[in-house]
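**Q** Quick one, what's the 3D model for this:
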Amino acid sequence: MALRFMNGSAVLRCCAVSPPLTSLRCCLHHHNNNLCVHSHSSIRFSISRRLHSRLIAFGYGRLTIRRHSAQSLVDMVVEELDSLRHRRRVRAASNKLELRSNEELLENKSGKQALQRGLLLEFKKDPERVLLAVAQKPDGKKNWMVSDQNGVTTSVKPQQVTFIVPGITNFDQTEIPNFLQKAQDNLDPALLEFAWIELVERNKSTTVEELAEMIFGSSEPLESYSAHLLLSKDDIYFTTLETKGSYSVYGPRSAVQVEELTQRKHAKDAAERELEEFVNLLKSARDMPLHAKPPKSVWSSEEKNWTKIESLKAYAIDNFINEDEKRTAGMILKAMGRAKTASSAADLLIDIGYFPVHVNLDLLKLDVRTNYAEEILAAAESLLSESPDPDEVDRKDLTHLKVYAIDVDEADELDDALSATRLQDGRIKVWIHVADPTRLVQPESIIDKEAMKRGTSIFLPTATYPMFPEKLAMEGMSMKQGELCKALTVSIVLHGDGGIAEYSVKNSVIKPTYMLTYESATELLHLNLEEEAELRLLSEAAALRHQWRMRQGAIDTATLESRVKVTNPDDPEPSIKLYVENQADPAMRLVSEMMILCGEAIATFGSFNNIPLPYRGQPQSNVDISAFTHLPEGPVRSSAVVKTMRAAEMDFRKPTRHGGLGLPGYVQFTSPIRRYMDLLAHYQVKAFLRGDPPPFSVGQMEGIASVVNMNMRVVKRLSSISHRYWIIEYLRRQPKEKRFTALVLRFIKDRVAAILLMEVGLHASVWVSVGVHIGDEVKVCVEDANPREDVINFKEIIEI
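**A** This next block holds a predicted model:
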C-alpha cells in the first residue's frame with residue numbers, strides 16, 4: 001500500500017488482500033504523529049476486525065485505487081479506537097493463550113532446517129556480541145565451521161546458534177553486511193506495538209515468520225530476520241513461550257504487563273540520558289587545564305550529579321551505602337573507558353579536579369573525624385566564657401620558676417613544661433608542669449564524650465586534627481609563653497643515682513619563660529650558658545634518669561625518626577619539608593626522660609593512694625639483651641632489640657612492671673590535650689586532690705580503654721601510611737643521580753638487606769653486594785618511587 005496526499009485528499013493504493021501493519025503505520029503517521037497507538041493501564045484497546053471492515057469499506061484491501069479525504073480516514077480510525085477504549089475489549093492477563101499447536105510447530109520448524117552448508121545463521125560470539133554467519137562445513141560431530149560478517153571463520157557449537165534465517169540455501173558470505181544493513185533499516189519498535197495490539201485482541205501466539213507476514217507483508221528471509229531482530233531486542237510486548245533449538249514461539253504480554261514494562265523502560269531511558277549527560281560533564285572537566293577545573297560546589301549544586309560523584313567517591317574508598325551506588329559508579333567508569341577498580345575511580349576524581357592530586361584516601365576510608373558538630377563548638381565556646389576554676393584556692397603559685405616548654409617547631413598545643421633547681425644538699429629537684437584541661441572539661445560532658453570518641457589528636461604531614469575543638473585547646477588549655485597558665489605539677493627530688501627520693505602532685509599556676517624547639521634547646525645546651533643553668537640541670541637529671549633506668553633493665557630504643565611538614569597539600573606540587581631527628585639528641589633525651597619520670601611518679605602516687613588509673617606495663621623480654629652487645633650501638637642495635645619486645649599491657653587496679661622502660665610502674669600523664677587516656681588519668685588524680693571519689697570505676701575505665709585503643713590503632717595506621725606516602729613523594733622528586741647513605745640494619749634474605757636511609761629516616765630494603773655487613777653504610781639511589789602505589793625501590797651504588 002502507498003499513501004499520497006493530493007489537494008487535501010489521501011490516495012490509498014492497496015496491493016494485497018491482507019495489508020501489512022507497516023502500511024497502516026505509514027498511513028497513520030504520515031497524517032498525524034498523535035495517531036501512534038500506545039498502551040496505558042487505563043486505555044486498553046486493539047485493532048479489531050471491525051476496524052478492518054471500516055478500512056475495507058474505504059477501499060483498503062481491494063485491488064483498486066480510490067480517493068478519500070485524509071481527514072475522513074483519520075476520523076474513522078480515531079472513532080474506532082475511542083470505541084475500543086470505551087468497551088475495554090482486551091482480555092485479562094490471566095487468560096490462557098491458544099497454544100495448541102506450539103509443540104507441533106516447533107517440531108516442524110526445527111526438523112525442516114538442520115544446519116547445512118550455505119545456511120545464513122545468527123550465533124552468539126560472546127556474552128556481548130551476536131553475529132551473522134554462513135555455515136561452511138561440519139567441525140566434528142556437532143560443531144560447524146562458519147564465516148561471519150567480519151570475514152572470520154570460526155567453529156560454532158549448536159547451543160551458540162540463536163537463529164537460522166529461513167528460506168536461504170546458499171548464501172554468499174560477502175553479502176552479509178548488506179543483508180544486515182537492510183534488516184537494520186527495517187527495525188521500528190512501533191511495528192511490534194501494532195502487532196501486539198492485533199495478537200492480544202486475538203489472544204494468539206506467533207512465530208517469527210508469522211510476525212514478519214503480519215508487519216512486513218512477507219516472510220521472505222530479510223523480513224523474517226528483521227522480525228527476529230525486533231523480537232530479540234524487545235522487552236516490552238512479547239515473551240518467549242517455548243523454544244526448541246533456534247526456533248521459538250512468542251506470546252503477547254497483557255496490557256498491564258506492557259504498561260508496567262513501558263514505564264520501566266521510560267525510567268531506564270531517562271536514567272541513561274542522565275548518565276550520558278553526566279559522563280559528558282566528566283569528560284569536559286577532565287579535558288580542562290588544571291587551573292580551570294570546576295570547584296566542588298559545581299558538582300554539589302545538582303542532586304543528580306552529586307549522588308553520582310558520591311558513588312564514585314564510595315568506589316574509590318570501597319565504602320558503599322548499597323549495591324545501587326556500586327552499580328552506578330561501575331557504569332560511570334565503564335562509560336569513561338576505565339577499569340572498575342578503586343584506583344580508577346580515585347584517578348577519575350583527581351582528573352576532574354574533585355580530588356586533589358595528593359588526596360589522602362586513607363583519611364576517607366578510615367572515616368576519621370576531622371570536623372566538629374555545631375553543638376560541640378557551641379559547648380566549647382561556653383566553656384571558654386563561663387567556666388570558673390574549681391581548684392582556684394588550692395593552686396600553688398610557681399610563677400617564680402624558670403619554665404621551659406620544649407616541642408617541635410610547628411606544635412599547636414603545648415601540654416607540658418619543665419623546671420629544675422639544685423637543692424642545698426646537692427640533689428636535683430625537677431618540676432614537670434602539665435596542662436590542666438580538666439579545670440574546664442567535666443567527665444561525661446558533651447566535650448568529654450567527643451574527645452573519648454576521637455581518642456587522640458591526629459598529626460599528619462598535611463594537617464592536625466585536635467582531640468578538642470581548636471579554639472578550646474589553644475586558648476583555654478595550651479600553655480603560652482609569658483602568660484599565667486593553670487597546670488597540674490609533679491615535683492620530684494632525685495637521689496644521686498637517679499632514683500626518686502621525694503615527689504608531690506599539686507594544682508599550680510606557672511608562667512612559661514621559654515618556648516623552645518628541640519633544635520634551639522640542643523643549641524643552648526651545647527653553648528653551656530651560665531644564665532641557662534636550669535636547662536643544664538634538666539639535662540643532668542635526664543642523664544641520671546637514663547642511667548638509672550638502664551640499670552633497672554630498660555631497653556634503649558633510640559633511633560632516627562623523620563618528620564614531614566607539607567604546606568598547600570591541595571596543590572599538584574606542594575612544598576615538602578623533611579626533618580630527621582635523632583632520639584638520642586640531648587634535648588629530645590631530656591624531654592623524654594622527664595616525661596617518663598613523671599609517669600613513674602604518678603604510678604607511685606596512684607598506687608600509694610589506691611587510685612584506679614590506666615597503669616601501663618610491659619612484660620620483660622625472654623631474650624637476654626646482652627646477646628645484642630656485639631651489634632653497633634644506635635639504630636642497628638635498637639632495631640634488633642625492638643623485635644624481641646613483648647606487647648604492652650594495661651591494668652587499672654595497680655601498677656605493673658614496665659620492662660621496656662625499666663620502671664616498677666608507669667602512667668601516661670603528660671599529654672592530656674592530645675591523648676584521652678592521659679585525660680582519664682587527670683580526671684582520677686584531680687578528683688583525689690579535691691577529696692572526691694574517682695569519677696570512673698575500674699570497669700568503666702576498662703570499657704573506655706577498649707574504645708580509645710581501637711581508635712588509637714586506626715590513627716596510628718593512618719599516621720604511618722600518610723607519613724610514608726609523603727616520604728616516597730619527597731624521594732620521587734629527587735634527581736635520579738642523587739645518592740643517599742643507607743645503614744644496613746640486618747639481612748632479610750641472601751643479599752637483600754633491611755636499611756635505614758640516614759638523610760630521610762626511612763626504613764626500606766635493597767640488594768647489597770658481597771662484602772657488605774650489618775652496621776655498614778652503603779650508597780643507594782632511588783630506582784622507582786610511586787607514593788600512590790606505595791612503591792619505593794632502591795639500587796646500591798658501587799663505587800669503583
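
**Q** Where does pLDDT dip in the protein?
**A** When residues are selected by pLDDT under 70, those of the chain lie in 1-113, 410.

**Q** quick one, what contacts T169?
**A** Contact analysis of T169 by Cβ atoms under 8 Å, 6 or more residues apart in numbering lists 118-119. Every residue, glycine included, has its C-beta placed from N, CA and C.

**Q** could you say which helix or strand contains it?
**A** Under DSSP states H and E, no helix or strand contains T169.

**Q** That one and L180, how far apart?
**A** Distance, T169 to L180, using Cβ to Cβ, to the nearest Å: 19 Å.

**Q** With adjacent residues omitted, what lies nearest to R739?
**A** Distance criterion Cβ to Cβ, 6 or more residues apart in numbering; nearest residue to R739, sequence neighbours excluded, is K779 at 4.8 Å.

**Q** Please read the previous query as pertaining to S445.
**A** Spatial nearest neighbour of S445, chain neighbours left out: A379 (7.6 Å); criterion: Cβ to Cβ, 6+ apart.

**Q** I figured that neighbour hits I446, correct?
**A** Yes - with contact defined as Cβ atoms under 8 Å, A379 counts as touching I446 (5.0 Å).

**Q** Tell me which stretches of the stretch 301-450 of the chain form strands.
**A** With DSSP state E, counting those that start in this stretch as the criterion, the stretch 301-450 of the chain has strands at 396-397, 404-407, 416-422, 428-435.

**Q** Let's have those strands in CSV, adding distance to D750 and mean neighbour count.
**A** Converted to CSV, these look like this (distance: least, Cβ to Cβ, whole Å; neighbours: other Cβ atoms under 10 Å):
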stretch, distance to D750, mean neighbour count
strand 396-397, 63, 12
strand 404-407, 44, 23
strand 416-422, 47, 22
strand 428-435, 49, 24
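
**Q** Output those strands in CSV; the columns should cover distance to E310.
**A** Shown next, in CSV, are these (distance: least, Cβ to Cβ, whole Å):
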stretch, distance to E310
strand 396-397, 55
strand 404-407, 40
strand 416-422, 43
strand 428-435, 40
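
**Q** which stretch among those comes nearest P189?
**A** strand 404-407 (73.7 Å; Cβ to Cβ).

**Q** for that closest one, packing partners?
**A** Packed against strand 404-407 by the contact rule (3 or more Cβ pairs under 8 Å, 6 or more residues apart in numbering; DSSP states H and E) you find strand 416-422, strand 514-517, helix 518-527, helix 533-551, helix 586-608.

**Q** ok, residues contacting it?
**A** Under Cβ under 8 Å, 6+ apart, the answer for strand 404-407 is 414, 416-419, 479, 481, 512-518, 521, 534-535, 538, 587, 590-591.

**Q** Quick one: the strands in the stretch 701-800 of the chain, in order.
**A** Counting by DSSP E, counting those that start in this stretch, the strands of the stretch 701-800 of the chain are 740-749, 752-757, 762-767, 777-786, 791-797.

**Q** Quickly compare the ones you listed and say which is most buried.
**A** Ranked by mean neighbour count, those are led by strand 752-757 with a mean of 20 (mean count of other Cβ atoms under 10 Å).

**Q** any idea how far the residue positioned nearest the centre of the chain lies from S232?
**A** In the chain, the residue lying closest to the centroid (Cα atoms, centre = their mean) is I317, at 0.9 Å. Shown here: I317 relative to S232, a distance of 40 Å by Cβ to Cβ.

**Q** next one: P443
**A** Applying Cβ to Cβ, the value for P443 to S232 is 71 Å.

**Q** Those two - which one has more neighbours?
**A** Legend: neighbour count by other Cβ atoms under 10 Å for P443 and S232, higher for P443 (18 against 15).

**Q** As TSV, the helices and strands packed on strand 404-407 with distance to L363 would be great.
**A** Below are the helices and strands packed on strand 404-407 laid out as TSV (distance: least, Cβ to Cβ, whole Å):
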stretch	distance to L363
strand 416-422	28
strand 514-517	27
helix 518-527	27
helix 533-551	36
helix 586-608	28
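
**Q** closest to R746 out of the ones you listed?
**A** Closest to R746 of those is helix 533-551 (Cβ to Cβ; 23.2 Å).

**Q** Quick one: the strands in the stretch 101-250 of the chain, in order.
**A** Assigned by DSSP E, counting those that start in this stretch, the strands in the stretch 101-250 of the chain fall at 120-126, 129-139, 143-148, 153-156, 161-164, 238-244, 247-252.

**Q** Quick check: which of the ones you listed is buried the most?
**A** Highest mean neighbour count among those (mean count of other Cβ under 10 Å): strand 247-252, with a mean of 22.

**Q** after it, next one along is what?
**A** Sequence order places helix 255-287 as the next helix or strand after strand 247-252, per DSSP H and E.

**Q** chain center to that following helix, what's the gap?
**A** A distance of 26 Å separates the centroid of the chain from that of helix 255-287, by Cα atoms, centre = their mean, to the nearest Å.

**Q** List the buried residues of that helix.
**A** Across helix 255-287, burial judged by 16 or more other Cβ atoms under 10 Å covers 255, 258-259, 261-262, 275, 278-279, 281-282, 285.

**Q** Now do it: which elements does it pack against?
**A** By 3+ Cβ pairs under 8 Å, 6+ apart, helix 255-287 packs against helix 303-317, helix 323-335, helix 342-351.

**Q** And the second one, what does it pack against?
**A** Going back to what we said before, that points to helix 323-335. Partner elements for helix 323-335 (3+ Cβ pairs under 8 Å, 6+ apart): helix 255-287, helix 303-317, helix 342-351.

**Q** could those go into a markdown table alongside distance to T644?
**A** Shown next, in a markdown table, are the helices and strands packed on helix 323-335 (distance: least, Cβ to Cβ, whole Å):
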| stretch | distance to T644 |
| --- | --- |
| helix 255-287 | 53 |
| helix 303-317 | 37 |
| helix 342-351 | 38 |
